[in-house]
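Colleague: Curious how this folds, go ahead:
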Amino acid sequence: MSTVEFNHMLITNRPIMRGFAINFTRNVEDAEDLIQDTFLKALKYKDRFEDGTNFKGWLYTIMRNIFLNNCKKQQLGRNIFGPSADSIQYELGSQAENNIYRSINQNDIQVAIEQLRPDLRRPFQMAFEGYQYDEIAAEMKVPTGTIKSRIFNARKRLMEDLKDFN
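Modeller: Now for the predicted structure:
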């Protein structure tokens with residue numbers, strides 16, 4: 001498929017993708033951002049689209065994945081790197097009658113991340129920033145499975161190092 005044909009298909013499917021984006025975000029401005037991110041990623045990976053397959057479905061999958069990744073990043077950001085520069089409130093759970101809160105010093109988390117071996121720290125930080133496993137693997141020139149393993153091990157190590165905060 002030529003670049004012109006691909007771009008024409010993007011433009012043709014924009015109204016449909018806008019509906020999906022509004023359904024995901026429930027906000028017109030956020031929907032426009034989601035569409036833009038989706039189209040940018042589609043353009044970046046247009047060589048992975050196979051002729052004869054469902055273009056709208058391919059775009060929808062990209063959009064859904066971007067939306068879910070953004071939700072995960074926002075949730076993780078609220079839980080770990082919240083608005084306060086020095087510390088945040090971290091909800092431990094609702095098993096107790098009253099919610100229990102504990103302050104976590106953001107510096108402790110940063111120190112734990114910095115203490116990771118570089119081969120674990122870099123893929124973990126890239127994943128936290130929203131990169132996909134295959135993008136991290138390409139950047140680091142290692143197989144995707146190795147990246148998954150390294151991120152898993154980094155999370156495991158951080159959970160051990162930060163167990164007092166669970």
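Colleague: Walk me through the domains of this protein.
Modeller: According to automatic domain parsing, the chain comprises the domains 1-79, 106-166.
Colleague: chain center to the first one: distance?
Modeller: On the basis of CA atoms, centre = their mean, to the nearest Å, domain 1-79 sits 14 Å off its chain's mean C-alpha point.
Colleague: In this structure residue 20 contacts residue 66, no?
Modeller: No: contact criterion CB atoms under 8 Å: residue 20 and residue 66 do not qualify, at 11.3 Å. Every C-beta, even on glycine, is put in place using the N, C-alpha and C of the backbone.
Colleague: now what about the helix ranked longest in the chain, what contacts it?
Modeller: Counting residues, the longest helix found in the chain (DSSP state H) is helix 55-79. The contact list for helix 55-79 (CB atoms under 8 Å, 6 or more residues apart in numbering) reads 9-10, 13, 16-17, 20-21, 24-25, 34-35, 37-38, 41-42, 45, 49, 90, 128-130, 132.
Colleague: Which ones among the residues you listed lie within helices?
Modeller: 9-10, 13, 16-17, 20-21, 24-25, 34-35, 37-38, 41-42, 128.
Colleague: Just the buried subset of the residues you listed, please.
Modeller: By neighbour count, with 16 or more other CB atoms under 10 Å, the ones in helices among the contacts of helix 55-79 hold 9-10, 13, 17, 20-21, 24-25, 34-35, 37-38, 41-42, 128 as buried.
Colleague: picking up where we left off before, just the closest of the ones in helices among the contacts of helix 55-79 to residue 152, please.
Modeller: Proximity of the ones in helices among the contacts of helix 55-79 to residue 152 (CB to CB) peaks at residue 128, which lies at 13.7 Å.
Colleague: Many thanks, we can stop here.
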